[in-house]
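Colleague: fold the following, please.
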Amino acid sequence: MMYDKTDIKKSKTAFLTIICVILGMLISLNITDMNITTSRSDMITVERTQEILGEINSLKAENEKYLNQIKDYQTQIDNLQLKASKVNKGTEAIHKELQQAKIVAGLADVEGPGIELILSDAERELFPGENASNLIVHDSDLINIINELKSAGAEAVSINGQRVIYNTKIRCGGPIIIVNNYRFAPPYVIRAIGDVERMEKRLKQESGLYDAFIFYGLKINLKRVDNMRIDKFDRDFNFKYAKPVMEEGE
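Modeller: Reported below is the predicted structural model:
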């Protein structure tokens, strides 16, 4: 069977036409699919962005809430610290007042500048007809010296380590002197904390106690001490009759 060249040419044209149509349809479908994919991608990006913005706003609000809580807590802390400082100041004032009272009462160990006196009996021979008591340090000598020291502003005084307080008893017991019920033989060491210049001047005033000791030949040695320690009264108080007066409102 013989084919006409014209028929063959028409067949090729028809075949190519069909191929082009099919390719066109495929290209069209691919482009449409790409457009759909891009559109969906754009939609997802916008939605995610909105979600993130929402989360950020939520975190900002939560953060603001916590900041306000922190401010409230800080205010409470400041108020508590203010109250505590007032309590501490009150406590410090009470503690200071108590310490001062203990010092005055002789119930606290103290230290500071002061003077030290060492007293002993005379070693010289008696003059004809002289009383032997002139050569002995008496309880009255110690009492007079302590009175002079206190009048010169002594803030704490001790005799042979015994703190002198308001009711300290100093008395003779034969050849010894009793202080706070403790017995001591010479030498007697008196220590006093206070204004050194003033106390020394008071003791060494003309015709004073210092001169009297020298006159009778009694041994007296006075020296300044830059920092000395005087221990507290070491016994308990026993008030049988004296009671504190309660202030109104207590």
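
Colleague: just the strands from this structure, written as ranges.
Modeller: 110-120, 156-159, 162-163, 170-173, 176-179, 182-184, 188-193, 219-230 (DSSP state E).

Colleague: out of these, deepest packed?
Modeller: Mean neighbours per residue, mean count of other C-beta atoms under 10 Å, is largest over the strands of the chain for strand 156-159, with a mean of 25. Where you see a C-beta, it was placed from the backbone N, CA and C, and this is true even at glycine.

Colleague: mind giving me the packing neighbours of that strand?
Modeller: When contacts are defined as 3 or more C-beta pairs under 8 Å, 6 or more residues apart in numbering; DSSP states H and E, strand 156-159 packs onto strand 110-120, helix 139-151, strand 188-193, strand 219-230.

Colleague: reformat the strands of the chain as CSV; add distance to residue 126 and mean pLDDT.
Modeller: Listed next are these as CSV, based on distance: least, C-beta to C-beta, whole Å; pLDDT from 0 to 100:
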stretch, distance to residue 126, mean pLDDT
strand 110-120, 17, 97
strand 156-159, 27, 97
strand 162-163, 31, 96
strand 170-173, 19, 92
strand 176-179, 21, 94
strand 182-184, 24, 94
strand 188-193, 21, 98
strand 219-230, 16, 96
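
Colleague: re the thing from before, of the helices and strands packed on strand 156-159, which is nearest residue 177?
Modeller: For residue 177, the closest of the helices and strands packed on strand 156-159 is helix 139-151, at 5.2 Å, according to C-beta to C-beta.

Colleague: sorry, back to before: tell me which of the strands of the chain lies nearest to residue 142.
Modeller: Using C-beta to C-beta, the strands of the chain put strand 170-173 closest to residue 142, at 5.4 Å.

Colleague: chain center to the closest one, what's the gap?
Modeller: Using C-alpha atoms, centre = their mean, to the nearest Å, the mean C-alpha position of strand 170-173 is found 46 Å from that of the whole chain.

Colleague: repeat that for stretch 147-155.
Modeller: How far stretch 147-155 lies from its chain's middle: 34 Å, per C-alpha atoms, centre = their mean.

Colleague: got the buried residues for it?
Modeller: Buried residues in stretch 147-155, counted by 16 or more other C-beta atoms under 10 Å: 148-150, 152, 154-155.

Colleague: how about the strands of the chain in TSV, adding distance to residue 87?
Modeller: Below are the strands of the chain laid out as TSV (distance: least, C-beta to C-beta, whole Å):
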stretch	distance to residue 87
strand 110-120	28
strand 156-159	31
strand 162-163	33
strand 170-173	44
strand 176-179	42
strand 182-184	43
strand 188-193	33
strand 219-230	33
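
Colleague: nearest to residue 83, out of the ones you listed?
Modeller: For the strands of the chain, distance to residue 83 was read as C-beta to C-beta. The smallest value, 34.0 Å, belongs to strand 110-120.

Colleague: could you measure from the closest residue to residue 192 other than its chain neighbours over to residue 115?
Modeller: Of all residues beyond its chain neighbours, the one nearest residue 192 is residue 154 (4.2 Å), with distances taken as C-beta to C-beta, 6 or more residues apart in numbering. Distance, residue 154 to residue 115, by C-beta to C-beta, to the nearest Å: 9 Å.

Colleague: overlap in contacts of the two?
Modeller: Residues touching both residue 154 and residue 115 (C-beta atoms under 8 Å, 6 or more residues apart in numbering) are 192, 199.

Colleague: what values do phi and psi take at the residue nearest to residue 192?
Modeller: Backbone torsions for residue 154, taken as degrees, to the nearest 10, come to phi -60, psi 130.

Colleague: show me what contacts it?
Modeller: Taking C-beta under 8 Å, 6+ apart as the criterion, residue 154 is in contact with 114, 192-194, 199.
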